[in-house]
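> after the sequence you'll find the predicted model.
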Amino acid sequence: MSTERTEHIASRRARHRPLAPPSWLLNGLKPSAAPIPWAAVVRASIAMAVPLAVGFALDEPEYGALASMGALAGVIGDTADAYRMRVLNIAVPQLFGAIGVALGTLVYGHGWLAVAVLTLIALVSGMISSIGTVASVSGLLLLLNAVIGAGLPLPEPWWTAPLLLTAGGLFVLALTLLGWPLRRRQPERTAVADTYRALADALEAAGGPGALYEERRHQVTQAINHAYDLVLGRRARVHGRSPSLVRLLAQLNVVIPLVEAAPAAHLRGRPLPPEIPAAVRELADAVEEGRTGTPVLDLPAAHTPAERAVDAALRHAAKIVHVARPDLDNVDDRLGRPAALRVRARRAVRDMVLSRASWRYGLRLALCIGIAQSLVSVIEFERSYWVALTVTFVLKPDFGSVFSRAVLRALGTAGGLVVAAAVLAEVPRGWWDVPVMVVLAGLIPAFSVKGYAFQTAAITPVILLLSDLLNHQGFDLIRPRLVDSLIGCAITLVAGYLLWPESWHTRIGDRLADTVDDAARYVERAFAPVVDEAALAAARTSRLQARRRIYRDLSGVRSEFQRALTEPPPTGARAAAWWPLVVAVERIVDATTAARVRVNHGAAPPPAEEVETIAHQLRELAVRVRSSSTPVRVDAGPAGGAASVLAPVHQEIAAALAITRPES
């Protein structure tokens, strides 16, 4: 689709609905269909209400409020599935949060010194946020607590606030770990079973409408990445000594041939017999329930190479899934075991220090926090810590579009202030705050899964209620906090967004081009000649690793596109115009995998010259992506013979080359 056609469609829709809100805002305000995590709701209510009740019982409501603030951070960070990751997601950010509040407390009321210290903390926070999920939450909590420590009068001595905040966060962790003895392996087992179910959905869609299959294939990629992250992450510590974990890894490994066979089944153009996805769902149930025994499969006869590939992979998977005790020495980590923690930490720090994107985000955050804190600490008229707090929450590009988050933050804060106004006006301070906190805290995980604006609306009254217990301003908090939130959003939009004209092409195009280069290497590995059985096994492992890396990268590119689509024009319009290229690259990888499967099951392998031609075309496509800022359709015809096993790959590359060309 060309840019001109995209803009024409957008302008035509605008003429029909001139008063309608923009689509990026409507998408942000539309609640997600994700189910409410009731266990997290109960846990949040207990974790935040109990410290408050203890504080009132000891006649130290300020202490209870600080412990509840620490619990709030733990509730927000408890988003993982496996218990190992939940420990990291809660405990590590709490350590950084304790450091942040200690530094903030030490510079409270010190004017320019507070500005300098918070600006430096913002730089560090922004840079470490680029490392990964746990580091991002840790950086957020480091800066968030530093802002609170520098903006609120906290109990003396200085170590009191860090101790209470950490105690609240650890209370959340303790509640989280209550189910660990009973559900120790359950998250990993559920993730493997969900991979089989996602694959069954993809096989059910194979041969049907392309859009439905591509969406379900994307869900398979997400499921398998998630499952390997959980299983291999645990096995990196226990190695091969856990039979149950080795069995899970074996069950996950044997799903890979089925995943590879799915594109071949789709390209044949006819739906698979319903017995095949039904059999895969039966395997998912067996994985989740831990069933063993002799599998019973009633599958139709296979005739074509694609059908033989699916049949062989499914029968092998059924055999492994039902094996009670797999060979502990014969289950390899085909897709790569993670490196040791110290090695990963060293790599992450090195990449952070050398990354231009890390420095760029750190400087953006430092600039915005410096302006916000100067407004709070130095300028004479009264402003609160809420300004810098808003900047901290909004300026998180790894959490989504900065522009849309600023707008949604303002709307969510306004909605939350309505609730807070009713609570502060009608509920007397004291023990009545405890049942109110039970209700408000439970809304945080319930609303967080619905979207950012809803999460903001749930968190705002909780923070205001806890802040009131520390500074005793009551209903007078409401209007200033709304004004401060709007000021923080304005600072973020101007100093953190408009003054940094990073083009969408720089954030998306280069990463997509790198993925296209990886696809070229994948084609070369998929059809590289082998001389013996040992080389064949090594080539297969190398191909599996390359395929998983490409699909993981494409999943990341999809996420970047989703963020770009929430930006206002012209960024969102450009993202929509480039979307067909992302789909085209995914189809190229799918077609390559399908061709390899067909060769494995009897089709003639392609000549080396044809493989070299395809790799060259893909690298040419990568150059075009890097050199183009907007897609321009050009004529391109597929090369290669129609009888070649790589004919579908030629067709997909021709379609991709037709989307873009270097600008003249």
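Ah, there it is.

> from here on, contacts and neighbour counts on C-alpha atoms
Noted.

> strands along this protein, start to end?
Counting by DSSP state E, the chain forms no strands at all.

> so which helix or strand of it has the lowest pLDDT on average?
Least confident helix or strand of the chain, by mean pLDDT, DSSP states H and E, is helix 3-16 with a mean of 43.

> check the offset of stretch 264-282 from the chain's centre.
In terms of CA atoms, centre = their mean, to the nearest Å, the centre of stretch 264-282 is set 29 Å apart from its chain centre.

> brain fart, stretch 104-117
Stretch 104-117 sits 34 Å away from the centroid of its parent chain (CA atoms, centre = their mean).

> what about it, average pLDDT?
Summarised as a single mean, pLDDT over stretch 104-117 is 88.

> name the residues of it that are buried.
104-109, 111, 114-117 (16 or more other CA atoms under 10 Å).

> could you dump these to TSV with distance to residue 435?
TSV is the format used below for these (distance: CA to CA, whole Å):
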residue	distance to residue 435
104	31
105	30
106	34
107	35
108	32
109	34
111	38
114	36
115	38
116	40
117	38
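
> quick check: the two most widely separated of the residues you listed?
Farthest-apart pair in the buried residues of stretch 104-117 is 105 and 116; separation 14.0 Å (CA to CA).

> all helices of the stretch 451-600 of the chain, in order?
Per DSSP state H, counting those that start in this stretch, the stretch 451-600 of the chain carries helices over the ranges 452-471, 478-493, 504-526, 533-565, 571-600.

> between those helices, which one is closest to residue 432.
Nearest to residue 432, of all the helices of the stretch 451-600 of the chain, is helix 452-471, at 11.6 Å by CA to CA.

> for the closest one, packing partners?
helix 23-29, helix 61-77, helix 402-426, helix 433-448 (3 or more CA pairs under 8 Å, 6 or more residues apart in numbering; DSSP states H and E).

> so, low pLDDT: which residues of the stretch 501-650 of the chain?
Within the stretch 501-650 of the chain, the stretches with pLDDT under 70 are 501-509, 530-537, 562-563, 565-572, 629-643.

> likewise the stretch 351-500 of the chain?
For the stretch 351-500 of the chain, the stretches flagged by pLDDT under 70 are 380-383, 396-402, 473-475.

> check the stretch 1-150 of the chain too.
Along the stretch 1-150 of the chain, the model assigns pLDDT under 70 to residues 1-28, 80-84.

> let me see the ranges of the helices in it.
With DSSP H, counting those that start in this stretch as the criterion, the stretch 1-150 of the chain has helices at 3-16, 23-29, 38-57, 61-77, 83-106, 112-128, 133-151.

> got CSV for the ones you listed, with distance to residue 657 too?
Listed next are those as CSV, based on distance: least, CA to CA, whole Å:
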stretch, distance to residue 657
helix 3-16, 16
helix 23-29, 29
helix 38-57, 48
helix 61-77, 43
helix 83-106, 42
helix 112-128, 37
helix 133-151, 35
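
> out of those helices, flag the one nearest residue 408.
Of all the helices of the stretch 1-150 of the chain, helix 23-29 comes closest under CA to CA, at 7.1 Å.

> now residue 67, nearest residue through space, not along the chain?
Closest residue to residue 67 in three dimensions, ignoring its sequence neighbours and counting by CA to CA, 6 or more residues apart in numbering: residue 168, at 4.3 Å.

> my guess is the one you found meets residue 50, correct?
No - with contact defined as CA atoms under 8 Å, residue 168 does not reach residue 50; the gap is 9.6 Å.

> look at these two and report which has more neighbours.
Higher neighbour count among residue 168 and residue 50: residue 168, with 28 against 20, using other CA atoms under 10 Å.
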